[in-house]
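> Kindly return the folded structure for what I paste below:
(2 chains)
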Amino acid sequence: QKEVEQNSGPLSVPEGAIASLNCTYSDRGSQSFFWYRQYSGKSPELIMFIYSNGDKEDGRFTAQLNKASQYVSLLIRDSQPSDSATYLCAVNMRNSSASKIIFGSGTRLSIRP
Amino acid sequence: GAVVSQHPSRVICKSGTSVKIECRSLDFQATTMFWYRQFPKKSLMLMATSNEGSKATYEQGVEKDKFLINHASLTLSTLTVTSAHPEDSSFYICSAKFSGTDTQYFGPGTRLTVL
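Numbers count the residues shown, from 1 in each chain, chains lettered A, B, ... in the order given. Below is the predicted model:
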């Protein structure tokens, strides 16, 4: 089982609709969860982080965390063509010596006009 | 805030040469910096974790003698690809975090092409 799993997509969503991106993780001890956006040929850009169960909203973005189900999602409301990118879910894994972020393989999102 | 720069943004070199990539945190002190590699249409792969003033911790399968990492100050880490070969051609990205947070902020990346 991969440590962080995402559907690779592509996920195609019409402009103005809600895009829903999902991620599951294997380490029950994980405490920090991140969503990054990566445009083709560019480095990842932090969108949101979430630490507590429930929803966290920032503008058109909402992150949802359910630690019992080991599931984190990202909702993008009023999707715009500029939202077309690969979205990376990242989870902080803690081991005995250091904490590091494990990235999922990313979900390609395409917003069609 | 939390800006990370990388230099150079793009480098082309001949096989057998060494290439140094710099990663700087511009507006914060980075207690830890990370180096990633990304091949086309693939996910980020962590190469090593670097703490200021100490030796880097390399991920399994990453040759520490080939990818030399130095983190001499709280704002600068360098990655040197020694004796580069075409299979080392990739997108190298650094990230940095400051004490008390898990959030990593990424540099813009360096695209290395080895001929």
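> contacting residues around residue A:17?
Contact analysis of residue A:17 by Cβ atoms under 8 Å, 6 or more residues apart in numbering or on different chains lists residue A:79. All C-beta spots, glycine's among them, are computed from the backbone N, C-alpha and C.
> how close does it get to residue A:82?
Going from residue A:17 to residue A:82 by Cβ to Cβ, to the nearest Å gives 15 Å.
> With residue A:39 instead?
Taking Cβ to Cβ, one finds residue A:39 at 9 Å from residue A:82.
> what bridges to residue A:34?
With DSSP bridges as the criterion, residue A:34 is bridged to residue A:49, residue A:90.
> Residue B:35 now?
Here residue B:35, judged by DSSP bridges, has bridge partners residue B:48, residue B:94.
> Pull stretch B:24-44 out as PDB, backbone CA atoms only.
What follows is stretch B:24-44, C-alpha atoms only, in PDB (Å, rounded to 0.1, in the frame of the first residue of the first chain):
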ATOM      1  CA  ARG B  24      18.100  30.100  -0.300                       C
ATOM      2  CA  SER B  25      15.400  31.100   2.100                       C
ATOM      3  CA  LEU B  26      14.900  34.800   1.500                       C
ATOM      4  CA  ASP B  27      12.800  36.000   4.400                       C
ATOM      5  CA  PHE B  28      13.100  33.400   7.100                       C
ATOM      6  CA  GLN B  29      15.600  31.100   8.800                       C
ATOM      7  CA  ALA B  30      15.300  27.600   7.500                       C
ATOM      8  CA  THR B  31      16.200  25.100  10.100                       C
ATOM      9  CA  THR B  32      15.600  22.300   7.700                       C
ATOM     10  CA  MET B  33      15.800  22.100   3.900                       C
ATOM     11  CA  PHE B  34      14.800  19.300   1.600                       C
ATOM     12  CA  TRP B  35      15.900  18.300  -1.800                       C
ATOM     13  CA  TYR B  36      13.600  16.600  -4.200                       C
ATOM     14  CA  ARG B  37      13.900  15.300  -7.700                       C
ATOM     15  CA  GLN B  38      11.000  15.000 -10.200                       C
ATOM     16  CA  PHE B  39      11.100  13.200 -13.500                       C
ATOM     17  CA  PRO B  40       8.500  14.200 -16.200                       C
ATOM     18  CA  LYS B  41       5.000  13.300 -15.300                       C
ATOM     19  CA  LYS B  42       6.100  11.700 -12.100                       C
ATOM     20  CA  SER B  43       5.700  12.700  -8.500                       C
ATOM     21  CA  LEU B  44       8.200  14.400  -6.300                       C
END
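> State the mean pLDDT of it.
In this model, stretch B:24-44 has a mean pLDDT of 90.
> thinking again about what came up before, more crowded one of residue A:39 and residue A:82?
residue A:39 (12 against 8; other Cβ atoms under 10 Å in any protein chain shown).
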